[in-house]
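S.K.: Structure for the following, please:
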Amino acid sequence: MKARVEKLRARMDQMGFDAVLVSQPQNRRYLSGFTGSAGHLLITGRETVIATDFRYYEQSAQQAPDFRLYQATGPMEGWLPGLLAGLGGQRLGFEAADLTFHVYRTLRKAVEGLPADERPRLVATTNLVESLRAVKEPEEIAALQAAVDLGDAAFQHVAERIEPGWTEKQVAWEIEKYMREHGGDGTSFDTIVAGGAWGAMPHAYPRERPLQEGETVVIDMGVRLDGYCSDLTRTIFLGRPDDSFRKIYDVVLGAQLTAEELVRPGMTGEEAHMLAHRVIEAAGFGENFGHGLGHGVGLEIHESPRLARTSKDVLAEGMVVTIEPGVYITGWGGVRIEDMVVIEDGKARVMSRAPKIVGA
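M.R.: Numbering: from 1, shown residues only. Sure, this is the predicted structure:
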């Protein structure tokens with residue numbers, strides 16, 4: 001954790017911050033190791049402080065031993081001025097994307113309540129810690145691979161058993177049950193299971209509806225293991241795949257394999273997206289691929305960078321992203337195929353190993 005804090009301090013120096021108040025939960029965990037649900041970090045050039053309440057005193061001491069504990073007792077407006085003491089005239093960054101208006105107003109009141117010469121200057125910041133998190137350390141890649149492996153196993157467990165008559169909710173529950181029984185903390189997002197025409201919605205939710213012979217089933221699922229997430233999508237067909245399914249599936253698979261083969265560090269998210277989009281567009285389905293190609297994955301299921309038409313994010317060595325093109329046709333259904341990859345040695349290494357099954 002010390003190395004991460006030093007990277008943050010270097011970034012603070014570049015941006016002219018004297019101190020940063022970290023409130024976003026995954027950022028807090030990334031910098032300190034603390035996994036509790038409540039708390040703030042104060043990072044200055046000399047000191048690291050964790051402010052949390054009585055419920056987490058012992059936990060924070062165990063998980064964040066390099067941080068000084070500041071006991072945050074009672075409402076925020078009562079303890080926050082004491083935390084900010086000694087920062088008079090200094091530029092204090094706060095995570096604008098994480099704060100509600102109420103918390104921001106409390107922060108402003110706490111500063112304004114200090115004597116004039118003891119007030120820090122509040123400066124909104126975005127993507128300060130997240131930009132560090134985008135490039136994964138070797139131990140993070142190992143943790144992500146473990147989550148991917150468990151997700152692969154959960155998918156394969158269900159794919160070998162699914163049959164007409166199972167409901168979408170039953171499929172989702174079997175996936176989650178397998179994850180839990182094999183050490184997972186839970187799902188990294190609500191599992192998507194969409195049969196037939198329901199699969200035309202990229203973010204469909206599972207229903208009590210029984211799956212039927214002769215229809216596609218889109219399964220989008222993820223595991224959370226030791227804090228890190230996985231993300232996997234496979235599309236299967238119940239019964240003998242028909243010509244329409246084979247045609248669309250081949251287009252999507254070709255687009256995905258093209259992107260996985262050609263994506264490189266130094267590309268923008270837009271350039272990576274277009275690798276797959278051009279393949280789908282050339283096949284006549286360009287209007288049916290309306291979402292981005294992928295996103296970063298780590299302590300959160302959606303992180304930087306974004307791989308999409310409008311993304312100027314630049315891919316770099318050590319980033320872990322999804323490659324997930326899809327085609328969606330109202331009244332028919334959808335096909336999406338998704339792997340996680342890590343950018344290393346100048347190319348993408350595919351982390352997902354679940355079979356790309358086209359029939360069940």
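
S.K.: Compute the distance between residue 331 and residue 244, please.
M.R.: With the distance defined as C-beta to C-beta, to the nearest Å, residue 331 ends up 12 Å from residue 244. For glycine as for every other residue, the C-beta is placed from the backbone atoms N, C-alpha and C.

S.K.: out of the two, which sits in the more crowded spot?
M.R.: Here residue 331 and residue 244 are compared on neighbour count by other C-beta atoms under 10 Å; more neighbours surround residue 244, at 12 against 7.

S.K.: for this protein, longest helix please?
M.R.: Secondary structure of the chain read by DSSP state H shows that its longest helix is helix 138-159.

S.K.: returning to that earlier point: so what sits against both of residue 331 and residue 244?
M.R.: When contacts are counted by C-beta atoms under 8 Å, 6 or more residues apart in numbering, the set common to residue 331 and residue 244 is empty.

S.K.: And the strands in the stretch 1-150 of the chain, which stretches?
M.R.: Assigned strands in the stretch 1-150 of the chain, in chain order: 19-22, 40-44, 48-52, 68-71, 91-95, 121-125 (criterion: DSSP state E, counting those that start in this stretch).

S.K.: Please apply the same query to the stretch 201-350 of the chain.
M.R.: If you assign secondary structure with DSSP E, counting those that start in this stretch, the strands in the stretch 201-350 of the chain sit at 216-221, 223-225, 228-229, 232-237, 294-296, 303-307, 320-323, 326-329, 333-336, 339-344, 347-350.

S.K.: Let's have these in a markdown table, adding mean pLDDT.
M.R.: Rendered in a markdown table, the data for the strands of the stretch 201-350 of the chain read as follows (pLDDT from 0 to 100):
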| stretch | mean pLDDT |
| --- | --- |
| strand 216-221 | 98 |
| strand 223-225 | 98 |
| strand 228-229 | 98 |
| strand 232-237 | 97 |
| strand 294-296 | 98 |
| strand 303-307 | 98 |
| strand 320-323 | 98 |
| strand 326-329 | 98 |
| strand 333-336 | 98 |
| strand 339-344 | 98 |
| strand 347-350 | 98 |
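
S.K.: closest to residue 286 out of the ones you listed?
M.R.: Each of the strands of the stretch 201-350 of the chain was scored for nearness to residue 286 using C-beta to C-beta, and the closest is strand 326-329 (9.5 Å).

S.K.: Tell me the strands beside the closest one, with direction?
M.R.: Paired with strand 326-329 in the same sheet, following DSSP bridges, are strand 333-336 (antiparallel).

S.K.: For the partner strand, give me every contacting residue.
M.R.: So strand 333-336 is contacted by 194-202, 215-216, 218, 220, 233, 235, 245, 248-249, 252, 324-328 (C-beta under 8 Å, 6+ apart).

S.K.: Dump that strand to CSV, restricted to CA.
M.R.: Below are the C-alpha coordinates for strand 333-336, written out as CSV (Å, rounded to 0.1, in the frame of the first residue of the first chain):
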residue,chain,number,x,y,z
GLY,A,333,-32.9,-11.7,-29.6
GLY,A,334,-29.2,-11.0,-29.2
VAL,A,335,-25.7,-12.5,-29.3
ARG,A,336,-22.9,-11.1,-27.1
